[in-house]
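**Student:** no FASTA, just this:
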């Protein structure tokens, strides 16, 4: 009886498995590095948000030089301006609210910064944007956040951040300050989960390749004739 023909080593399959395995391990390692970076960022954010407020002028001067000043706690003395308010609809505990956006006019590299003053208390539950006008901000203590896609009407050189008010002096009538949550801790937990997923996929690829290689190198034996 002739011996079964030995199968060639699966070079193509091996290269494909190595590439996928390396990519999965690389992505898992990258996620772990991101987790370490996020942990440092979380410490920085917590320190900045709870630090004594700094005058906004020098902080925005650093921003104009390219420094990241987000999450810095500042105090701003705004120049007088006309009453003008824009509203951004948002949700809070299932209710619609209208967040009031004002303009704090400043001297320096930027002619002002957008201020999220909080939400108009009378707007809770209404889906219609209010049309109320509020006095311009005078003195604000708050935290700088990324501006995102928020419009900056009336400012030719708006600061690249938004000042989220903790307190205003005098308080804006009918407005309740509502500081943002940073959300960094929530993002951090997903980074660890993604790393586990990528390393798990690498393990699955290795197991499948090992099983297929074993089958190729150990073909089933034909039944013995008596």
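**Tutor:** Arrived safely, thanks for sending. Here the structure is a predicted model, which means the values were calculated and not measured.

**Student:** name the helices or strands packed onto the helix or strand harbouring residue 31?
**Tutor:** Secondary-structure assignment from DSSP states H and E places residue 31 in helix 11-49. Contact analysis of helix 11-49 by 3 or more Cβ pairs under 8 Å, 6 or more residues apart in numbering; DSSP states H and E lists helix 184-217 as its packing neighbours. Just so you know, the C-beta spots here come from the backbone N, C-alpha and C atoms, and that holds for glycine as well.

**Student:** residues in contact with residue 28?
**Tutor:** Residues near residue 28 by Cβ atoms under 8 Å, 6 or more residues apart in numbering: 195, 196, 197, 198, 199, 202.

**Student:** Could you report the distance from the fourth one to residue 217?
**Tutor:** In this case it means residue 198. Applying Cβ to Cβ, to the nearest Å, the value for residue 198 to residue 217 is 29 Å.

**Student:** In the record's domain split, what are the boundaries for this protein?
**Tutor:** Per the record, the chain has its domains at 11-41+185-217, 52-181, by automatic domain parsing.

**Student:** For those domains, which has the smallest mean pLDDT value?
**Tutor:** Lowest mean pLDDT of the domains of the chain: domain 11-41+185-217, a mean of 76.

**Student:** Check the offset of it from the chain's centre.
**Tutor:** Distance, stretch centre to chain centre, for domain 11-41+185-217: 24 Å (Cα atoms, centre = their mean, to the nearest Å).

**Student:** do stretch 56-65 as well
**Tutor:** That offset, for stretch 56-65, works out to 22 Å (Cα atoms, centre = their mean).

**Student:** thinking again about what came up before, angle of the helix holding residue 31 against helix 184-217?
**Tutor:** Here helix 11-49 runs at an angle of 170 degrees relative to helix 184-217 (axes from the mean of the first three to the mean of the last three Cα atoms, to 10 degrees).

**Student:** Beyond helix 11-49, next helix or strand please.
**Tutor:** Assigned by DSSP H and E, the successor of helix 11-49 is strand 54-55.

**Student:** Which of the residues in the next helix or strand after that following strand are classified as buried?
**Tutor:** Elements were assigned by DSSP H and E; along the chain past strand 54-55, the next helix or strand is helix 56-64. Neighbour counts over helix 56-64 (16 or more other Cβ atoms under 10 Å) mark 56, 57, 59, 60, 63 as buried.

**Student:** Helix 56-64 packs against which elements?
**Tutor:** strand 73-77, strand 158-169.

**Student:** Helix 56-64 and the shortest one, what's the angle between them?
**Tutor:** Using the same axes, to 10 degrees, one finds that strand 73-77 and helix 56-64 are set 120 degrees apart in direction.

**Student:** Strand 73-77 pairs with which strands, and in what direction?
**Tutor:** strand 54-55 (parallel), strand 139-146 (antiparallel) (DSSP bridges).

**Student:** mind putting those in JSON lines, distance to residue 209 and mean neighbour count included?
**Tutor:** Compiled in JSON lines, the strands paired with strand 73-77 are given as follows (distance: least, Cβ to Cβ, whole Å; neighbours: other Cβ atoms under 10 Å):
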{"stretch": "strand 54-55", "distance to residue 209": "57", "mean neighbour count": "13"}
{"stretch": "strand 139-146", "distance to residue 209": "44", "mean neighbour count": "21"}
